[in-house]
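In: Mind looking at a prediction? Sequence and model below.
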Amino acid sequence: MKKNLGKFLIPFLMLFSFFSILNAQDNEYKWSAFINKKSAYINEAVYLKYTCEFQDRGELYVIEFMPKSTERFEIVSLSQTHEIHDSKRIQTYEYIVFPTLSGRVDFDFDVIMKKTNKDSIENTVLGRDNAQFEEYTIQKIKQKKLSLEVKGHNSRLVGSFRMTEKKDTPKLKAYEPYHLRITIKGIGDFEALKSIDFSAVDAKVFADEPQTKFTLTKNGYEGTWSQKFAFVASKNFSIPSLQVKYFDPHDAKLKVLNTKAIDVEVTPAYTAEELLDVIDDEHLKFKKEYLYYLLSFIAGFLLAKINFSQFYPKDEEEDTFSKKVKKSKTLEELHMLLVLQDGRRYKEIVADIESTKLTTLNQVKKLLEN
């Protein structure tokens, strides 16, 4: 009878000891959990908050809480705060979750409560090296389970956005760059926005890499995305309309950001008459527009990566017209050189180039050698 009583008491004492430990932990700290919505769409931001409130300053406890992403969701830390209120420690963890698959998802993360003793703390403060003071207990517990119903959609981009554009007046001179900047602002997955492709435009296109600037908030990533472009051409061209589709979870529908097509009118940068007819019998006349046309022409070819360095020799020995002619690599460069050097003297050659009577670089160089 005594043996049977002992067999009964041992499990009872173990169970009593286990619940005593739990009660002691409940007396020392208490966890709470919060989720801001019961349902969400794929890639929609969901806010989670976990709080541990201690009955005192909680100096003996170290918390290890690091939730990991899974195939069903991505979790990102928003903030971790530690405060003492009424001599009680409050530890708060905030996370943003982005569901990746439809269906029900449960958040039941593990947290480790690591408790040290006072001797171990004194040993650390005093710099002692004694293993007998390195005593601690580890308790692994489950957070309160939070559940979310995830709904699907057919869009790669999710959020709430608006698009603006900054652009030049669509009327310019040949080889003068036309500038355009597309900016998208709002809240959503900015990393899902890709570089805009204007390669089909009948012009030389220069594009910067997209620039993003955003911060993580309770509603998700909030900020801006922008990309700059420059178009250079010698004739009229059109920039097509742009469409960016996205799913707005607040209105639960697919939306489209639009820009209108842009027709750019390009006029010649100069004419032979404008550049050659600059001298009369009485005095030299300099027109302001000549300088504008010349600078526009040079700027355009620089953007097109044509080397004009031979027009600006590094020393006096190289600064001769004949060497400039020899170094000319294209008919366009030599044409401009003749106009700048002596428009009246080379008027016939310039006119033949513009009328396509002279079509090759070697033809013109031979005429200049004679």
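Out: Done, it's in. None of these values were measured; they are calculated from a predicted model.

In: Now do the contacts for Ile353.
Out: Leu331, His335, Val364 (C-beta atoms under 8 Å, 6 or more residues apart in numbering). Where you see a C-beta, it was placed from the backbone N, CA and C, and this is true even at glycine.

In: Distance-wise, check the spatially closest residue to the first one that is not a sequence neighbour relative to Ser147.
Out: Nearest residue to Leu331 in three dimensions, chain neighbours excluded: Leu361, at 4.9 Å (C-beta to C-beta, 6 or more residues apart in numbering). From Leu361 over to Ser147 the distance is 76 Å, taken as C-beta to C-beta, to the nearest Å.

In: what about these two, which has more around it?
Out: Just comparing Leu361 and Ser147: by other C-beta atoms under 10 Å the higher neighbour count belongs to Leu361, 17 against 12.

In: Need phi/psi at the residue nearest to Leu331.
Out: Dihedral angles phi and psi of Leu361 (degrees, to the nearest 10) take the values phi -60, psi -40.

In: State the pLDDT value of Phe73.
Out: Among the per-residue scores, Phe73 shows a pLDDT of 97.

In: Next: Pro268.
Out: On the pLDDT scale, Pro268 gets 89.

In: who's in contact with it?
Out: Lys173, Ala174.

In: what's the spacing between it and Lys347?
Out: Distance from Pro268 to Lys347, by C-beta to C-beta: 18 Å.

In: cool, Leu216 as well?
Out: 67 Å.

In: Output the below-cut-off pLDDT ranges for the stretch 151-300 of the chain.
Out: Filtered on pLDDT under 70, the stretch 151-300 of the chain yields the residue ranges 270-300.

In: same question for stretch 112-132, mean pLDDT?
Out: Stretch 112-132 comes out at a mean pLDDT of 64.

In: what's around the residue nearest to Leu101 when sequence neighbours are not counted, how many residues?
Out: Leaving aside its sequence neighbours, Leu101 sits nearest to Arg72 (C-beta to C-beta, 6+ apart; 5.0 Å). The number of residues packed near Arg72 is 17, by other C-beta under 10 Å.

In: contacting residues around Arg72?
Out: Contacts of Arg72 (C-beta under 8 Å, 6+ apart): Pro99, Thr100, Leu101, Gly103, Val105, Val150.

In: ranking those residues by neighbours, who comes first?
Out: Going by other C-beta under 10 Å, Pro99 tops those with 23 neighbours.

In: Now it: closest residue in space that isn't a chain neighbour?
Out: Using C-beta to C-beta, 6+ apart, the closest residue to Pro99 is Val150 (4.2 Å).

In: Partner strands of the host helix or strand of that neighbour, with direction?
Out: Assessed by DSSP states H and E, Val150 sits inside strand 146-151. Applying DSSP bridges, strand 146-151 is found paired with strand 39-41 (parallel), strand 103-107 (antiparallel).

In: What is the next helix or strand after that strand packed up against?
Out: Counting by DSSP H and E, the next helix or strand C-terminal to strand 146-151 is strand 159-167. For strand 159-167, the packing partners by 3 or more C-beta pairs under 8 Å, 6 or more residues apart in numbering; DSSP states H and E come out as strand 178-188, strand 242-248, strand 253-259.

In: Met43: what's it in contact with?
Out: Actually, residue 43 is Asn rather than Met. Phe98, Pro99, Thr100, Val158, Asp189, Ala192.

In: now the helices for this protein?
Out: Under the criterion DSSP state H, helices of the chain are mapped to 2-28, 118-126, 272-276, 288-303, 321-327, 331-342, 347-354, 361-369.

In: So for the first one, mean pLDDT?
Out: For helix 2-28, the mean per-residue pLDDT is 50.
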